[in-house]
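Q: what follows is a predicted protein model with its sequence.
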Amino acid sequence: MSGHSKFSNIKHKKEKNDAAKGKIFTVIGREIVVAVKEGGPDPENNSKLRDVIAKAKANNMPNDTIERGIKRAAGDASTANYEVVTYEGYGPNGVAIIVDALTDNKNRTAANVRSAFTKGKGSVGTQGCVSYMFQTKGQILIDKEECQMDSDDLMMMALDAGAEDFNEEEDSFEILTAPEDFTTVREALEKEGILMAEADVTKIPDTYVELTDEEAIKNLEKTLDLLEEDDDVQQVYHNWDE
């Protein structure tokens, strides 16, 4: 089985500079706040918090930073109340873009997102204008170099735990789940000591758009870079075939 892997992009992101690492920690820090406020500070009784902690550890966030974030969210009434907001729009040549954000100021976030689209010659659309082109899935990426298990055994373990699909790429394995089965599958792999390069609920395009025009590529990269740099933006999904 084969799929469209984003593993190389994950590796590239993790090898970026300290500023990029700081952004990742900011993103995860906000996810910790939301998870704690929704389900409490005890990971044993809060599956969403368990998932965020696993994501934090995969991104090398120090344990004391994770623990401080949980305690602050649980005990500090002044902790910001973040709202989940989603924006949809188009980049050059009709590339579909979805932006998930956690914000304490929707006006600021909306203005920044709109500016990022405009500067890249794109446009923000209405809710639902591109989301129908994506499927929401749990996605787990495993670096082959860090996996001692045979691919068939790994596939059977994942499928037995409830995964929907298993894709083998040149340098990685991709496991896909229904969103509601993601935590169960991730924890089954974690229990067996499988190291995961990335594990998250994400949006996967049904089809991809190729760009050959250099100006269009430059403009799309400008939009994506501006969005990635915004602290309010948690995740950006698109169907550009990079």
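A: Ah, there it is.

Q: what is the neighbour count of the closest residue in space to residue 142 that isn't next to it in sequence?
A: Computed as Cβ to Cβ, 6 or more residues apart in numbering, the closest residue to residue 142 that is not its neighbour in sequence is residue 173, at 4.4 Å. In this view, the C-beta of every residue, glycine as well, is placed from N, C-alpha and C. For residue 173, the neighbour count with other Cβ atoms under 10 Å is 25.

Q: please name the bridge partners of residue 173.
A: residue 142, residue 168 (DSSP bridges).

Q: list the buried residues in the longest helix anywhere in the chain.
A: If you go by DSSP state H, the chain has its longest helix at helix 18-39. For helix 18-39, burial by neighbour count (16 or more other Cβ atoms under 10 Å) applies to 21, 23-25, 27-36.

Q: in CSV, list those along with distance to residue 92.
A: As requested, these are arranged in CSV below (distance: Cβ to Cβ, whole Å):
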residue, distance to residue 92
21, 29
23, 24
24, 27
25, 31
27, 26
28, 31
29, 33
30, 30
31, 30
32, 35
33, 35
34, 33
35, 36
36, 39
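
Q: the residue nearest to residue 142 contacts residue 157, correct?
A: No: taking Cβ atoms under 8 Å as the definition, residue 173 is not a contact partner of residue 157, at 11.0 Å.

Q: tell me the domain boundaries of the protein?
A: Per automatic domain parsing, the domain ranges recorded for the chain read 7-75, 83-132+206-238, 134-205.

Q: what ranges does the protein have for its strands?
A: 83-90, 96-103, 123-124, 134-143, 165-168, 172-177, 198-205, 233-238 (DSSP state E).

Q: what pairs with the second one, parallel or antiparallel?
A: According to DSSP bridges, strand 96-103 has the following sheet partners: strand 83-90 (antiparallel), strand 233-238 (antiparallel).

Q: let me have these in a markdown table, adding mean pLDDT and mean neighbour count as columns.
A: Below are the strands paired with strand 96-103 laid out as a markdown table (pLDDT from 0 to 100; neighbours: other Cβ atoms under 10 Å):
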| stretch | mean pLDDT | mean neighbour count |
| --- | --- | --- |
| strand 83-90 | 95 | 17 |
| strand 233-238 | 95 | 21 |
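
Q: next, count neighbours for residue 170.
A: 9.

Q: residue 144 versus that one, what's the distance?
A: As for residue 170, its distance to residue 144 is 8 Å (criterion: Cβ to Cβ, to the nearest Å).

Q: then residue 155?
A: 13 Å.

Q: show me which of those two is the more surrounded one.
A: Neighbours per residue (other Cβ under 10 Å) separate residue 155 from residue 144, with residue 155 holding more: 19 against 13.

Q: now for residue 149: which residues touch it?
A: By Cβ atoms under 8 Å, 6 or more residues apart in numbering, the contact list for residue 149 reads 157, 192, 194.

Q: ok, now with 10 Å
A: Applying Cβ atoms under 10 Å, 6 or more residues apart in numbering, we find residue 149 in contact with 142, 155, 157, 173, 189, 192, 193, 194.

Q: could you flag which of these are buried?
A: Counted by 16+ other Cβ under 10 Å, the contacts of residue 149 give 142, 155, 157, 173, 189, 194 as buried.

Q: related to what we said a few turns ago, which neighbours do residue 173 and residue 157 share?
A: Taking Cβ under 10 Å, 6+ apart as the contact rule, residue 173 and residue 157 both touch 149, 166, 194.

Q: what is residue 137 paired to in the beta sheet?
A: Bridge pairing for residue 137 - DSSP bridges - gives residue 202.
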